[in-house]
Every structure is written in C-alpha cells, then in structure tokens.
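Visitor: got a structure for you, letters missing:
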Ligand code: SF4
C-alpha cells in the first residue's frame, strides 16, 4: 500500500465471525481486505466449542499464514476473531501481535483485538503495575484485558463495562469468550466498526464494509459510540457501557485510510473523496491541460477535481504493486527508496503539459517533492499540486502514528514555504469547512460528528498522557492557542 511510503499509518483492522462453519477461513478472507489498515502483523484466534486456537506472526496476513501452511486448517470452530496490526504504541515484536489471550476465572479464557490508541495508557499501566500485573506485551491493546482481570466487579460483564469506562481515547475492541463474540466502540466512535450477516445466518463484526463484501455478508448496522454488542448462540444483544457519547469519527478515514469501496456511516468513501476533489477545484481553480492523481488513495479525489474543473483526467502515474516489504519499513531512507520503487510517470500523459497533481495529503513533504520532480523529469511544463484535505498541523492521539508535530511539514511551514520545498508551481489545500461539507454532516452537533483535530487542533476528548507534550508543541510552534 502507498501509505507506508508516505508515513501516515492507520493502526489496525478487526474482523470476527460468530456462528458459521469455516470461521477462520472467513476471518482470513475478511482480514485480507483490511490489510491496508495494518501490515506489520496479523493473527486469528478460533473458537471450537470453547477451545481456542491461535496463529499469529509478523508481516502481511499472507506471509504469516504461508510460513505455516497447516495453520489455517488448525484454526477449527465456527467462531473466530482476527486482527491486522500497524504499531502506533508498543514495539514491533511478535508479542504485540493480536488477538491477545487471557485466562479468566468465570469465562475460562478470552481473546481480544483492538483498533485505536488510548490517551491514558501510561496512567493505567502504572495503576496495573502497582497491583502487581506482569504484562505480556508493550502495546496499550493489552490494557483492557488486564483491567478486566484485576477488576473488583463480580462478573465478566461488569468487569468489561468497568474496564471500558476506565480506558480513554480511540478504541474499537473485538473480544471472544467461549460463549460469545463481543464488540465495543469508544464514546466518540473514532474508528469505523460495522455488523453484517452471512447468508448462513452467521454474524460478522469488522472495521470496514469492504470486508463484509469480501465474505458475502450483508450490512446490518454500524456499531454506535458507547455500545457493547454481544453475539452468542441466542442471537445479538446491545448494551451500553456509557450513554455520554459524542460522535467524532476520524475524518482521515474518509480522506485516506479506508478503502474507497467502503461505506462509513452511510457515506461512500469513494464519493466523499470525489466531493473533496471537486471542492478543492472550486476553492483553488487553476488553468491546466490534465488532472492526474497519486495512486491509489488520491484517484477518487482526482476524478472529482477533473469533473468539477472540466479539465481532462488521465492516468499520469502508475503504482508498482509488487514491491517487497523491505522497502516499506518506517525509516526515511527506506521510505524514499520505497517511493522510487513504487511510483512511475506515464510520460505521454504529462510531457509538455500543465499538470494538476491531486494528492490526498502531505505529511513530511518528501514524497510530494519526489513526485513533482518525477513529473518534471518526464517533461511536465508546470505542476500544480492540489491537496484534497486541509493542512495537517496537529498530532493525532487516537490511533494514527503521528504523535508529534516535528515531522509534519504543515505544522512547521506556511503553504508558500511548502510549495517551494516540494518544488511545485502552485500548491493549495482544501479548507476544513470544505472537508466537512464534502464528507457531509453526520449529525447536527458543532463538529458534525467528525474529528478534524489533525487540521484544527479541536480534540474531542481530554488528552491525559499527551496533554503536557501537546502543550509543549503548541508553545514551540506558536500554534493555535485555543487548541484542546
Ligand atoms: S486527529 Fe486526525 S487522524 Fe486522529 S482521529 Fe482525529 S481526524 Fe483522525
């Protein structure tokens, strides 16, 4: 995927099945369509009448299971949960690969998978250490399991509710006990989480609707903020661990992270991206001969820009799908090499032309500069960069791996400075209002149900562990005083 070379990464993808034969194979297939959400590791736990089987490892899902061709067959049972991981917290070792497993005196054992990032993880870790807990891993995903284990509540259900009220930040959880699959979503619903039904009556819960399509499941509903969904052999029931909820789904899901064929809360990601492209064309028109997009995540926005501007759209760049993982490791040198291995220009499309290059975002600027140079080397007369999202200025603490502004070119430079740094002839970004209008209001609250903190510093929750660091960043950069 292109996001690894860009350096802006989603944390994880979740997929679970209850009540269907070949649950592990379905989970494998579903996770495969969520691979864009995490490439560092993958794992599946199956449930065969109360006995759990697990296989997990580092790397892409296909790599993890091809290293042990028997592994998938050994994941027997008619229920399973699985996970693909990109690390935003914790190290890159196999111990952090999920689902994690825990022993429990009431339910026997349970497995747990997490998408998101907790903002009070350090605080909870200290509390648990004081209680004598020894951790299996270093990521914050384990903390919910340990909170359940150490809770004073008398039942597993009560322990889970107490634990969900203790963790803060962005979280979508998928748990499995011998008797149930359980999902929970944080009070802001930062990450997408959907429920589907298989033709045989089995239930699926997963991060994106593209995974429902992959396994032939029909969409039932979104998981709502503050909900606990319990699926067992009697069917599905809904509880709430809190009713103090304020929808703030991550706008970057629409801009960049989610697959374009997914539908998030009733809005097609592809259509939202086209509207973003159209809106930036309205806000920042330019005379040009051709519109091209950076493959793959910017193609929808580029089509939207072309349709709104009336400028011809063409396939000016192509992506090599077969780049080895060695080149997508998170270091700058490898990222640079990754870009050069991944992207090429179709010379006949751009030579001698004034080109509009549509991209979905600029993180560090190194990729943009490289692409502008590639286009000019291929004979483009001028390159006008249009970004179909606002300037990335603030860190994300809810599940994206940019937790400092130091690396964000938009936090440290004006738009004119960025234009010069990436060697473009012109550069313009979509406005925050334009972004919200393009996605479409999800509710009538002040934030329209969206998190736009990356762009405007309006964090929907207290930052807990991150507050001091954030304050220091604001001071260092003289950023928006009222942020948070
Ligand atoms: S800060 Fe940005 S990336 Fe993080 S949840 Fe909000 S919109 Fe998404």
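Guide: Arrived safely, thanks for sending. Since this is a predicted model, take the numbers as computed values, not measurements. Numbering: from 1, shown residues only.
Visitor: which residues touch residue 46?
Guide: By C-beta atoms under 8 Å, 6 or more residues apart in numbering, the contact list for residue 46 reads 23, 24, 27, 52, 53, 54, 75, 76, 77, 79, 80. Heads up, the C-betas are built off the backbone N, CA and C, glycines and all.
Visitor: would the fifth one count as being in a strand?
Guide: Yes - note on residue 53: a strand contains this position according to DSSP: H, G, I helix; E, B strand; the rest coil.
Visitor: ok, back up a step: any chance of the contacts of residue 46 in JSON lines, plus pLDDT?
Guide: Compiled in JSON lines, the contacts of residue 46 are given as follows (pLDDT from 0 to 100):
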{"residue": "23", "pLDDT": "98"}
{"residue": "24", "pLDDT": "98"}
{"residue": "27", "pLDDT": "98"}
{"residue": "52", "pLDDT": "98"}
{"residue": "53", "pLDDT": "98"}
{"residue": "54", "pLDDT": "98"}
{"residue": "75", "pLDDT": "98"}
{"residue": "76", "pLDDT": "98"}
{"residue": "77", "pLDDT": "98"}
{"residue": "79", "pLDDT": "98"}
{"residue": "80", "pLDDT": "98"}
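Visitor: which of the residues you listed sits closest to the ligand?
Guide: residue 27 (26.0 Å; C-beta to the nearest ligand atom).
Visitor: separation between the closest one and residue 57?
Guide: As for residue 27, its distance to residue 57 is 15 Å (criterion: C-beta to C-beta, to the nearest Å).
Visitor: which of these two has more neighbours?
Guide: residue 27 (31 against 17; other C-beta atoms under 10 Å).
Visitor: quick one, phi psi at the more buried one?
Guide: Backbone torsions of residue 27, given as degrees, to the nearest 10, read phi -70, psi -40.
Visitor: pLDDT value on the spatially closest residue to residue 264 that is not a sequence neighbour, please?
Guide: Nearest residue to residue 264 in three dimensions, chain neighbours excluded: residue 192, at 4.8 Å (C-beta to C-beta, 6 or more residues apart in numbering). Per-residue pLDDT puts residue 192 at 97.
Visitor: likewise residue 95?
Guide: 87.
Visitor: ok, residue 483 next?
Guide: Predicted confidence (pLDDT) for residue 483: 41.
Visitor: kindly report the same for residue 90.
Guide: For residue 90, the predicted pLDDT is 61.
Visitor: any low-confidence regions in this structure?
Guide: 1-11, 87-92, 323-338, 479-484 (pLDDT under 70).
Visitor: tell me the residues on it that lie near the ligand, please.
Guide: Residues of the chain found near the ligand (C-beta under 6 Å from any ligand atom) are 190, 250, 251, 252, 396, 398, 400, 451, 452, 453, 454.
Visitor: count of residues packed around the residue in the stretch 101-250 of the chain positioned nearest to the ligand?
Guide: Nearest residue of the stretch 101-250 of the chain to the ligand: residue 250, at 3.0 Å (C-beta to the nearest ligand atom). Residue 250 has 28 neighbouring residues, counting by other C-beta under 10 Å.
Visitor: try residue 51
Guide: Neighbour tally, residue 51, other C-beta under 10 Å: 12.
Visitor: ok, now which ones touch it?
Guide: 77, 178.
Visitor: please work out how many residues are found near the residue nearest to residue 264.
Guide: 27.
Visitor: one step back: my read: the residue of the stretch 101-250 of the chain closest to the ligand touches residue 397, true?
Guide: No - here residue 250 lies out of contact with residue 397, judged by C-beta atoms under 8 Å, at a distance of 11.3 Å.
Visitor: joint contacts of these two?
Guide: Shared contacts of residue 250 and residue 397, counting by C-beta under 8 Å, 6+ apart, come down to residue 170.
Visitor: among the residues of the chain next to the ligand, name the ones in helices.
Guide: Among the residues of the chain next to the ligand, DSSP state H puts 251, 252, 453, 454 in helices.
Visitor: give me the residues contacting the longest helix along the chain.
Guide: Looking across the chain with DSSP H, the single longest helix is helix 269-283. Outside helix 269-283, the residues within contact range by C-beta under 8 Å, 6+ apart are 253-255, 258-263, 298, 300-309, 358, 360, 386-389, 428-431, 434-435, 437-440.
Visitor: partner residues bridging the closest residue to residue 97 other than its chain neighbours?
Guide: Nearest non-adjacent residue to residue 97, counting by C-beta to C-beta, 6+ apart: residue 41, 3.8 Å away. For residue 41, the residues forming beta bridges with it (DSSP bridges) are residue 58, residue 85.
Visitor: what about residue 41, how many residues close to it?
Guide: For residue 41, using other C-beta under 10 Å, the count is 25.
Visitor: what sits against it?
Guide: 56, 57, 58, 59, 64, 84, 85, 94, 96, 97, 98.
Visitor: can you select the buried ones among those for me in ChimeraX?
Guide: Selection command for ChimeraX covering only the buried members of the contacts of residue 41, criterion 16 or more other C-beta atoms under 10 Å:
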select :56,57,58,59,64,84,85,96,97,98
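Visitor: I'd like to know which of the contacts of residue 41 is nearest to the ligand.
Guide: Nearest member of these to the ligand, counting by C-beta to the nearest ligand atom, is residue 85, at 17.4 Å.
Visitor: how does the chain divide into domains?
Guide: Domain segmentation of the chain under automatic domain parsing yields 3-246, 267-441.
Visitor: which one, of these, ends up nearest to residue 477?
Guide: The closest of the domains of the chain to residue 477 is domain 267-441. By C-beta to C-beta, the value is 5.9 Å.
Visitor: just confirm residue 15 is within a helix.
Guide: No - counting by three-state DSSP, residue 15 is not part of a helix but strand.
Visitor: so what's it bridging to?
Guide: residue 82, residue 206.
Visitor: ditto for residue 236
Guide: Under the criterion used (DSSP bridges), residue 236 bridges to residue 231.
Visitor: quick revisit: what's near enough to touch the residue nearest to residue 264?
Guide: Neighbours of residue 192 in contact, by C-beta under 8 Å, 6+ apart: 172, 207, 208, 222, 249, 253, 258, 262, 264, 265.
Visitor: in the stretch 351-484 of the chain, which spans are strands?
Guide: Taking DSSP state E, counting those that start in this stretch as the criterion, the stretch 351-484 of the chain carries its strands at 354-359, 382-387, 426-429, 450-451.
Visitor: actually the stretch 101-250 of the chain, not the one I typed
Guide: Using DSSP E, counting those that start in this stretch, strands in the stretch 101-250 of the chain cover 108-118, 169-177, 180-185, 194-197, 203-206, 218-222, 227-232, 235-240, 249-250.
Visitor: would you mind finding the most buried of these?
Guide: strand 203-206 (a mean of 28; mean count of other C-beta atoms under 10 Å).
Visitor: so residue 209 touches residue 220, yeah?
Guide: No - applying C-beta under 8 Å as the test, residue 209 and residue 220 come out as separate, 10.6 Å apart.
Visitor: overlap in contacts, the two.
Guide: Joint contacts of residue 209 and residue 220 (C-beta under 8 Å, 6+ apart) are 194, 196.
Visitor: Throw the residues of the chain next to the ligand into TSV and include distance to residue 313, thanks.
Guide: Output for those, formatted as TSV (distance: C-beta to C-beta, whole Å):
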residue	distance to residue 313
190	33
250	28
251	24
252	24
396	31
398	34
400	29
451	30
452	28
453	32
454	27
